[in-house]
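K.L.:
predicted coordinates and the sequence they were generated for:
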Amino acid sequence: MTQVSQSGISPARMLNRQDYRTLVLAALGGALEFYDFIIFVFFAIVVGKLFFPADMPEWLRQFQTFGIFAAGYLARPLGGIVMAHFGDLVGRKRMFTLSIILMALPTLFMGLLPTYASIGIGAPIALLALRIMQGAAIGGEVPGAWVFVAEHVPASRVGYACGTLTSGLTAGILLGSLVATWINHSYSASEIAAWAWRVPFILGGIFGLIAMYLRRWLEETPVFAEMQAKKHLADELPLKKVVREHREGIVISMLLTWLLSAAIVVVILMTPTYLQKQFGFSAVQALEANSMAIVALSIGCILAGKLIDRFGAGPAFVFGSLFLGVSSWTFFHSLAAHPELLVPLYMLAGLSVGIVGAVPYVMIQAFPAVVRFSGISFSYNLAYAIFGGMTPMAVSLWMKNNPMAPSYYVASLALLGMMVGAYLWKRGSQPTGLLVLQGQAAE
């Protein structure tokens, strides 16, 4: 059995064939599941018109539509905490597989829902219920995926592994963008409103079944297998131990999750709708540019992972957050005068969002293996529920008074990222008192 350090990570070695196989399967499965979670946002305008009264003011319809989108984030903590609890006690792989079916079925049912014209207020209520189910599933997926790959690879490659996995998750966003682009290319607005909007959700259900099949080939992490064999599993409620002993890790993880949510939700998920409403781009133009930005984001995640392995968390977040703030500000403030620069500016902003690929590295360091899944899941999902869930509504309301609200919001969070990075740099790239990814070999 592979020896692990006291931090719960394998000692230094090169990535082998099994490591790459695990990364590919985990990233591909995560991409298909993440597609299911975010496809909603690409059809927010259509869904808003179909699931709310026709005479509702446009700003209120958009606000309520993004409110249903946000409900998925608000449901994440509960699902994440429950799955993480059992992930720390009965195994990472089991929960890693369970989350897929819990995501696939609600997505499929969304594609089959009757609209407001058919059943009235029951339509948005049903949509809200399914969105909550999706949120519970994704709450266990993302933290579980990060823990799973980090505990399979050597300590010196954890950043690269987490960055690659996060790149795979963003590929799910790209898949959603490509499917949305295809739908808008292939069908007229009336056809989309009549039936074609359902196709991406039905595809999501199929993708979920494919992802579930792929994860049959994954093996339990060596870290958990060794803890189980030596009976080193948590002897009390894992979350209780996390809250009592790892508060600093929780705070750092939540702040970085706020940065992550601002970058992903605003720059990637909300911007296609924003481009259409604020700058008059067509749906096809906005989605094509978004697809290119997500390609750049996927590359940026891997680069951020490699950089954090090489230079540490402090420098990575100071300079990565600065890059995010400058490039996103330039993107939002240049389009009115230079609409022809949409694609290159959006790609640059997308590349800068890649700093999110370095976030899980810090979280993995923040919690010991015995409660790692619970610690990351609690911190990440609670922060995403608060910050990620409220961001679309907050930015939408802010835009009523300031059309450039998205740029100010992202710039503010980029500043926060720089401050956290400076703190980590001062502390030697990790918060004081947290377990590190290195240590003496376990006996």
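P.N.:
Right, received. Where do you want to start?

K.L.:
all strands for the stretch 301-443 of the chain, in order.
P.N.:
Assigned by DSSP state E, counting those that start in this stretch, the stretch 301-443 of the chain shows no strands.

K.L.:
where does pLDDT dip in it?
P.N.:
The stretch 301-443 of the chain contains residues with pLDDT under 70 at 389, 429-443.

K.L.:
and the helices in it, which stretches?
P.N.:
Applying DSSP state H, counting those that start in this stretch to the stretch 301-443 of the chain gives helices spanning 313-334, 342-353, 359-366, 372-383, 389-398, 405-426.

K.L.:
and the fourth one, what other elements does it pack with?
P.N.:
Right, helix 372-383. Helix 372-383 is packed against helix 76-89, helix 122-150, helix 238-245, helix 247-261, helix 359-366, with contacts defined by 3 or more CB pairs under 8 Å, 6 or more residues apart in numbering; DSSP states H and E. Backbone N, C-alpha and C define where each C-beta goes, glycine included.

K.L.:
quick one: it to helix 122-150, angle?
P.N.:
140 degrees (axes from the mean of the first three to the mean of the last three CA atoms, to 10 degrees).

K.L.:
what angle sits between helix 372-383 and helix 247-261?
P.N.:
Using the same axes, to 10 degrees: helix 372-383 against helix 247-261 is 50 degrees.

K.L.:
now helix 372-383 against helix 359-366, angle please.
P.N.:
130 degrees.

K.L.:
what mean pLDDT does the helix or strand containing Ala31 get?
P.N.:
Using DSSP states H and E, the element containing Ala31 is helix 17-42. The pLDDT scores in helix 17-42 average 78.

K.L.:
please state the offset of it from the chain centre?
P.N.:
Helix 17-42 sits 11 Å away from the centroid of its parent chain (CA atoms, centre = their mean, to the nearest Å).

K.L.:
list the buried ones in it?
P.N.:
19, 22-23, 25-42 (16 or more other CB atoms under 10 Å).

K.L.:
helices or strands up against that helix?
P.N.:
Using 3+ CB pairs under 8 Å, 6+ apart, helix 17-42 sits against helix 58-74, helix 92-110, helix 122-150, helix 158-186, helix 198-214.

K.L.:
any idea of the angle the third one forms with helix 58-74?
P.N.:
If I follow you right, that is helix 122-150. 40 degrees.

K.L.:
and the fourth one, by the same measure?
P.N.:
Regarding helix 158-186 and helix 58-74, their directions subtend 140 degrees when assessed with the same axes, to 10 degrees.

K.L.:
and helix 158-186, what's buried?
P.N.:
158-181, 183-184.

K.L.:
also the last one?
P.N.:
Neighbour-count burial for helix 198-214, with 16+ other CB under 10 Å as criterion, is recorded at Arg198, Val199, Pro200, Phe201, Leu203, Gly204, Gly205, Phe207, Gly208, Ala211, Met212, Leu214.

K.L.:
now, which of those residues sits nearest Val142?
P.N.:
Val142 lies nearest to Ala211 out of those, by CB to CB, at 13.7 Å.

K.L.:
contacts for stretch 317-324, please.
P.N.:
Identification of contacts with stretch 317-324 by CB atoms under 8 Å, 6 or more residues apart in numbering yields 256, 259, 263, 304, 307, 352-355, 358, 410, 414-418, 420-422, 424-425.

K.L.:
swap the cut-off to 7 Å and go again
P.N.:
Stretch 317-324 has contacts (CB atoms under 7 Å, 6 or more residues apart in numbering) with 259, 263, 304, 352-353, 355, 358, 414, 417-418, 420-422, 424-425.

K.L.:
please apply the same query to stretch 273-288.
P.N.:
In contact with stretch 273-288 (CB under 7 Å, 6+ apart) are residues 44-45, 177, 180-181, 184-185, 272, 335-336, 339, 342, 403, 406.

K.L.:
just the mean pLDDT for it, thanks.
P.N.:
Averaging pLDDT along stretch 273-288 yields 87.

K.L.:
hey, C-alpha coordinates of that stretch in CSV?
P.N.:
In CSV, the C-alpha atoms belonging to stretch 273-288 read as follows (Å, rounded to 0.1, in the frame of the first residue of the first chain):
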residue,chain,number,x,y,z
THR,A,273,-26.7,37.6,-20.6
TYR,A,274,-25.0,40.8,-19.6
LEU,A,275,-23.4,41.2,-23.1
GLN,A,276,-26.7,40.9,-24.8
LYS,A,277,-28.6,43.3,-22.5
GLN,A,278,-25.9,45.9,-21.9
PHE,A,279,-23.9,46.0,-25.2
GLY,A,280,-26.4,44.7,-27.7
PHE,A,281,-24.5,41.6,-28.8
SER,A,282,-26.6,38.8,-30.2
ALA,A,283,-27.0,35.5,-28.2
VAL,A,284,-24.8,33.7,-30.7
GLN,A,285,-22.0,36.4,-30.5
ALA,A,286,-22.1,36.3,-26.7
LEU,A,287,-22.1,32.6,-26.4
GLU,A,288,-19.3,32.1,-28.9
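
K.L.:
tell me the buried residues in that stretch?
P.N.:
Thr273, Tyr274, Leu275, Gln276, Gln278, Phe281, Ala283, Gln285, Ala286, Leu287, Glu288.

K.L.:
host element of the first one?
P.N.:
I take that to be Thr273. Counting by DSSP H and E, Thr273 is found in helix 271-279.

K.L.:
just give me how far that helix sits from the chain centre.
P.N.:
Using CA atoms, centre = their mean, the offset of helix 271-279 from its chain centre is 22 Å.

K.L.:
same check on stretch 267-286?
P.N.:
Between the centre of stretch 267-286 and the centre of its chain there are 20 Å (CA atoms, centre = their mean).

K.L.:
ditto for stretch 404-416
P.N.:
19 Å.

K.L.:
hmm, who's touching it?
P.N.:
255, 258-259, 262-263, 266-267, 270, 274, 321-322, 324-325, 328-329, 332-333, 395, 398-399.

K.L.:
same check, this time on stretch 158-173
P.N.:
So stretch 158-173 is in contact with 9, 23, 26-28, 30-35, 38, 142, 145-146, 149-150, 153, 268, 294, 297-298, 301-302, 304-306, 308-309, 356-358, 360-361, 364, 437, going by CB under 7 Å, 6+ apart.

K.L.:
run through the residues that contact Phe331.
P.N.:
Contacts here follow CB under 7 Å, 6+ apart; on that basis Phe331 touches Leu345, Tyr346, Leu348, Ala349.

K.L.:
list just the nearest of those to Thr65.
P.N.:
Tyr346 (22.9 Å).

K.L.:
looks like that closest one contacts Ala289 (just checking).
P.N.:
Yes: between Tyr346 and Ala289 there is a contact at 4.7 Å, judged by CB atoms under 7 Å.
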